[in-house]
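**Q** predicted model follows, preceded by the sequence.
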Amino acid sequence: MILDLPKTTDDILTRDVHLVQSWADLDSLKQNGATTAIVEAEGSYVTDSQGNRLIDGIGGLWCVNVGHKRAEIIDAITEQLNTLDFYSTFYSFTHPSAAALAAKLAELAPGTLNKVHFGNSGSVANETAVRVLHHYYKRLGQPSKRKILSRHGAYHGSTHLAVAMTTPHYSDGWHKAEGIVHHMRKPHYWREGDGMSEAEFTDALLADMKADIESIGAENIACFIGEPIMGAGGVIVPPAGYHKRAAELCAEYEIKVVSDEVVTSFGRLGHFFASKDVFDFQPDIITTAKGLTSGYQPLSATIMSDEIHEVISGPGGVFLHGMTYSGHPAAAAAGLANIALMEREQIPQTVRSTGKHFEATLKGLGDLDIVGEVRGSHFMIGIEFVKDKETKEIFDPALNIGLRVARKAQARGLIARPLGHILILSPTLILTPEQIDTIGAILRESILDVMKEL
């Protein structure tokens, strides 16, 4: 059967009026419609309905790590669907692909993170982590340990609880879980350092965290959740040693640490998981999604320690959590094929060199007058535009500075993601040095164009 899909741009956009896009200005879409329809993809490129071939500088949405149209993953999904199209992992049921992927994740994850619960998005993975910990403490006879420590600048998802853990005001006008999350200081040295050295700033962050814990009461705090590098909050890299010291402080107060690796895992920073290998701390739970299947299927995982699982699996209780598609056979098969491909081609190891080239190339844009800071690591970079480098004053939001640069870049063949006055790049992990140089040249020309207009 051939699907009845629209072929021309006009046909696509005519049908698109029924689609509600995510994180979009729906009023603008209602007035003007969508602007770009992506119809094909291969490698590090996508093609729009007008026939323009574009470098996928955002990797779909932080997720197409191994590149588009990889036959190994597509074939694995097809074979799985032809064998077992669906069965659930509820009650006492399992199936080969979910069992095999859980075992593989336990092998890759650091420390004693050997138990895996599957979901279908990063938001669900983070919500699962908190639900598990609330249940864990209740079974231990400590039901008051419910509060969550998060940070200004965080992004943990868009479900009712996950968006509450996200930076305040990220979803103004929307209700979210109230009274459960405490947001701590943003660990952004460039903007928040206030004349301190980086070491002094780290000390101040930890002192604030300690004061917050003692003010709230450790007996009321379930966990601290943090991204190794903040993603949608602006690609914020905490100062050296911050994560390790924060984890040690949490351990001192018997507070669990949840590392949100929805973005940073599966090669983006040069390792399958970044918490231990890059930032030298051991979380109690790691959440992951996006690069887990490289976007070929929706799948997330909440990977918890043996100690947590031992408590929640004790006698006299039922694990009252799960989604119909938790551990979907095709999604799990995609995850297994994706990991096998990354291991065979040594993609994480390659990223340790090509990712540094990408990072250095984009940081080279810092000589431009409106580029305040280029930050991030490997294939996870944010470019912050400022009106004045000395004062770090940002542009009037009405100028849509990030969007203007993104549009210039797309006209030159590169998709980049604007977030207010910040531009984010999170490309596929298979870029060649030549493609990286092309991205750098396109961004430089695009920024210079916008500077002339201003």
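**A** Received, thanks.
**Q** show me what contacts residue 412?
**A** By CB atoms under 8 Å, 6 or more residues apart in numbering, the contact set of residue 412 is 442, 445, 446. C-beta: built from backbone N, CA, C; applies to glycine.
**Q** the first one - that's part of a strand, no?
**A** No: when DSSP: H, G, I helix; E, B strand; the rest coil is applied, residue 442 is found to be helix, with no strand at that position.
**Q** quick one: residues contacting it.
**A** Contacts of residue 442 by CB under 8 Å, 6+ apart are 55, 409, 412, 413, 414.
**Q** do the same with the second one
**A** For residue 445, the residues meeting the contact criterion (CB under 8 Å, 6+ apart) are 408, 412.
**Q** buried subset of the contacts of residue 442?
**A** Neighbour-count burial (16 or more other CB atoms under 10 Å) applied to the contacts of residue 442 gives 55, 409, 412, 414.
**Q** so which of those residues sit within strands?
**A** Members of these lying in strands (criterion: DSSP state E): 55, 414.
**Q** just send the contacts of residue 412 back as CSV, with pLDDT and distance to residue 182 too.
**A** Listed next are these as CSV, based on pLDDT from 0 to 100; distance: CB to CB, whole Å:
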residue, pLDDT, distance to residue 182
442, 98, 42
445, 98, 44
446, 98, 40
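**Q** format these as a markdown table; extra columns: distance to residue 209.
**A** Shown next, in a markdown table, are the contacts of residue 412 (distance: CB to CB, whole Å):
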| residue | distance to residue 209 |
| --- | --- |
| 442 | 40 |
| 445 | 43 |
| 446 | 39 |
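**Q** of the residues you listed, which is the nearest to residue 432?
**A** Nearest to residue 432 out of the contacts of residue 412 is residue 442 (CB to CB; 15.0 Å).
**Q** where do the strands sit along the stretch 101-250 of the chain?
**A** Assigned by DSSP state E, counting those that start in this stretch, the strands in the stretch 101-250 of the chain fall at 113-119, 147-151, 181-184, 221-226.
**Q** dump those strands into CSV; add mean neighbour count as well.
**A** As requested, the strands of the stretch 101-250 of the chain are arranged in CSV below (neighbours: other CB atoms under 10 Å):
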stretch, mean neighbour count
strand 113-119, 23
strand 147-151, 24
strand 181-184, 19
strand 221-226, 26
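**Q** which one of these lies closest to residue 428?
**A** strand 113-119 (23.9 Å).
**Q** any chance of the contacts of residue 442 in JSON lines, plus pLDDT?
**A** Below are the contacts of residue 442 laid out as JSON lines (pLDDT from 0 to 100):
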{"residue": "55", "pLDDT": "98"}
{"residue": "409", "pLDDT": "98"}
{"residue": "412", "pLDDT": "98"}
{"residue": "413", "pLDDT": "98"}
{"residue": "414", "pLDDT": "98"}
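**Q** with respect to residue 401, which of those residues is nearest?
**A** residue 409 (12.8 Å).
**Q** excluding sequence neighbours, find me the nearest residue to that closest one.
**A** The spatial neighbour of residue 409 that comes closest, neighbours along the chain excluded (CB to CB, 6 or more residues apart in numbering), is residue 446 at 4.4 Å.
**Q** and residue 337, by the same measure?
**A** residue 76 (3.6 Å).
**Q** in stretch 43-59, which residues are buried?
**A** Neighbour-count burial for stretch 43-59 flags 43, 44, 45, 46, 48, 49, 54, 55, 56, 57, 58, 59 (criterion: 16+ other CB under 10 Å).
**Q** now, which of these lie within helices?
**A** residue 59 (DSSP state H).
**Q** dump the buried residues of stretch 43-59 to a markdown table, plus distance to residue 259.
**A** Converted to a markdown table, those look like this (distance: CB to CB, whole Å):
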| residue | distance to residue 259 |
| --- | --- |
| 43 | 30 |
| 44 | 28 |
| 45 | 32 |
| 46 | 31 |
| 48 | 36 |
| 49 | 39 |
| 54 | 33 |
| 55 | 30 |
| 56 | 27 |
| 57 | 26 |
| 58 | 23 |
| 59 | 21 |
